[in-house]
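*Asks:* Pasting the sequence and the predicted model now:
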Amino acid sequence: GGAQHAQHAQPGPGDRGIEGSIWELQTAHLIYLEGALLMMSLRVPDALPLDVGCLPHATLLCGPGFAPRDANEVLARATDLGWLDDVAQLSTGCLDVLGS
């Protein structure tokens, strides 16, 4: 398990009465694309309402050519490749994020 953090849920377009509430979140993975992006995927309670297609994460840093909006795509590709499976081993990989 990762570090646990209490975060204030931010209201979104589909706000379901969660504004001002506090939820326990857990860091699942740190994802680093050298010179491009540092982010972490999050485990959230099942009761926390999410927008369709949302992969819970926090973008920590962005380098030239990347923006926080790119983080969801990076997380989706890393998940599809199986890099974020809960395995008790360290692995590294190469991700062609903006390639064809």
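*Replies:* Noted; the coordinates are in hand.
*Asks:* rest of the way, CA atoms for contacts and neighbours
*Replies:* OK.
*Asks:* just the helices in the protein please.
*Replies:* With DSSP state H as the criterion, the chain has helices at 71-80.
*Asks:* Just the CA trace of the strand ranked longest in it, in CSV.
*Replies:* The residue-count maximum for a strand in the chain (DSSP state E) belongs to strand 22-33. Taking C-alpha atoms only, strand 22-33 is exported to CSV below (Å, rounded to 0.1, in the frame of the first residue of the first chain):
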residue,chain,number,x,y,z
ILE,A,22,-13.1,14.9,3.0
TRP,A,23,-12.1,11.5,1.5
GLU,A,24,-9.3,9.2,2.3
LEU,A,25,-7.1,8.6,-0.8
GLN,A,26,-4.2,6.3,-1.2
THR,A,27,-1.2,6.7,-3.5
ALA,A,28,-1.1,3.6,-5.7
HIS,A,29,1.9,4.3,-8.1
LEU,A,30,4.3,7.0,-9.0
ILE,A,31,4.7,7.4,-12.7
TYR,A,32,7.7,9.3,-14.1
LEU,A,33,8.3,10.0,-17.8
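*Asks:* Direction included, what does that strand pair against?
*Replies:* Sheet pairing of strand 22-33 (DSSP bridges) gives strand 4-8 (antiparallel), strand 37-43 (antiparallel).
*Asks:* Return the member of the ones you listed having the minimum mean pLDDT.
*Replies:* Of all the strands paired with strand 22-33, mean pLDDT reaches its minimum on strand 4-8 (a mean of 46).
*Asks:* you'd agree L38 is up against C62?
*Replies:* Yes: L38 is within contact range of C62, at 6.6 Å (criterion: C-alpha atoms under 8 Å).
*Asks:* Poorly predicted segments of this structure, please.
*Replies:* Residue ranges of the chain with pLDDT under 70: 1-17, 86-100.
*Asks:* in the longest strand of the chain, what's buried?
*Replies:* The neighbour-count check on strand 22-33 (16 or more other C-alpha atoms under 10 Å) flags W23, L25, Q26, T27, A28, H29, L30, I31, Y32, L33 as buried.
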